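Participant: Return atomic coordinates for the entry below.
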Amino acid sequence: MKRVFCALLVCAAIFVACGDSDSEFISRPDGKFSSSSVSPESSSRAFGPCKTETEDNCEYGTVTNRDGRTYKTVKIGNLWWMAENLSNDVGLCFNDSAEYCAKYGALYTWAGAKFDCPTDWRLPTRSEFEKLIDMVGGEDVAITVLRSRTGWKDGENGTDAYGFSALPAGKRNEKRYHNVDTVYFSDNLTCFWTSTEFDDYYQNQAYYFYLDKGHAFVTEEYKPFYLSVRCVNDKI
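Facilitator: Down below sits the predicted model:
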């Protein structure tokens, strides 16, 4: 009886040890496995720029929205990002100009942005934009490597080293929230909505990513403001 009992204990120990080892891995959509202890977008040290002045080795794709418009996409870390700004009839054009929409995409309220990504795509979270900044080297580096090589005024173009291709689409203010006369802000900056709401009593703000020649950060803005939209997909 003692021998049987000891044998059972040994088997149980082996089973537990194997279970602990397997728990360090998670299944990926391609059927392979990866370590769950590593964040999908852990840090900028895990990868580098994919685009230089002479070569472009970024991983690109496309996605078609419900209105039939096709957008370029790019993979950064383990996320697919739209490499162009969303643009359709739900949004407004900067300075009410169709020319701006054609080049820079449309501007959206938070409510309009939240429900207008292509099927299976979504607004990035606050954390995902913060990780993007960190991955490419922090705020001081992001201001250059995430901006497009053309379209910015006064020689303020970036290197677009990751294929994100941020253009200066500007933003639209709502006068009832700020005591200013300007409706459309500068067209030499860009702002992207996140899906993350700002946690205050009125729930009338959400986080967004701000980018210009000297700043790259995530902060909050009123939901009725009109900002640009980049959707993401973590399922493909």
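
Participant: Now the strand or helix carrying Val141: average pLDDT?
Facilitator: Assessed by DSSP states H and E, Val141 sits inside helix 139-145. Averaged across helix 139-145, the pLDDT comes to 97.

Participant: Just the buried positions in it, please.
Facilitator: Within helix 139-145, the residues scored as buried using 16 or more other CB atoms under 10 Å are 141-145. Yep, even glycine has a C-beta here, placed from its N, CA and C like the rest.

Participant: can you check stretch 105-123 too?
Facilitator: For stretch 105-123, using 16+ other CB under 10 Å, the buried residues are 105-110, 112-114, 116-118, 121-123.

Participant: With stretch 226-236 instead?
Facilitator: For stretch 226-236, by 16+ other CB under 10 Å, it's 226-233.

Participant: and if you look at stretch 198-211?
Facilitator: 198, 205-211.

Participant: Show me the helices in the chain, by range?
Facilitator: 2-22, 98-104, 110-114, 126-135, 139-145 (DSSP state H).

Participant: Least confident of these, on average?
Facilitator: Mean pLDDT across those is lowest at helix 2-22; the value there is a mean of 40.

Participant: Please enumerate the strands of the chain.
Facilitator: Residue ranges of the strands in the chain, as given by DSSP state E, are 25-27, 33-35, 60-64, 70-76, 79-82, 190-197, 205-211, 216-222, 232-233.

Participant: Of all the ones you listed, which one comes closest to Arg176?
Facilitator: strand 216-222 (9.1 Å; CB to CB).

Participant: Show the secondary-structure elements that that closest one is packed against.
Facilitator: The contact analysis (3 or more CB pairs under 8 Å, 6 or more residues apart in numbering; DSSP states H and E) places strand 216-222 against helix 126-135, helix 139-145, strand 205-211.

Participant: Which secondary structure elements does the first one sit against?
Facilitator: Packed against helix 126-135 by the contact rule (3+ CB pairs under 8 Å, 6+ apart) you find helix 139-145, strand 190-197, strand 205-211, strand 216-222.

Participant: Could you measure from Ser97 over to Lys103?
Facilitator: In this view, Ser97 and Lys103 are 10 Å apart by CB to CB, to the nearest Å.

Participant: more neighbours, the two?
Facilitator: Lys103 (15 against 12; other CB atoms under 10 Å).

Participant: who touches that one in this structure?
Facilitator: Residues in contact with Lys103, defined by CB atoms under 8 Å, 6 or more residues apart in numbering, are 151, 167.

Participant: got it, and the one 4 residues further on?
Facilitator: When contacts are counted by CB under 8 Å, 6+ apart, Leu107 touches 91-94, 169-172, 226-228.

Participant: Report the beta-bridge partners for the nearest residue to it once chain neighbours are set aside.
Facilitator: In space, and not counting its chain neighbours, Leu107 is closest to Tyr226: 3.7 Å by CB to CB, 6 or more residues apart in numbering. Counting by DSSP bridges, Tyr226 forms beta bridges with Arg172.

Participant: now do Trp80
Facilitator: Residues in beta-bridge contact with Trp80 (DSSP bridges): Lys75, Asn233.

Participant: Make sure it is actually in contact with Phe164.
Facilitator: No: Trp80 is beyond contact range of Phe164, at 11.8 Å (criterion: CB atoms under 8 Å).

Participant: shared neighbours of the two, anything?
Facilitator: Common neighbours of Trp80 and Phe164 (CB under 8 Å, 6+ apart) are Val74.

Participant: now stretch 200-213: mean pLDDT?
Facilitator: Here the average pLDDT along stretch 200-213 is 92.

Participant: Please consider this matter closed, and thank you.
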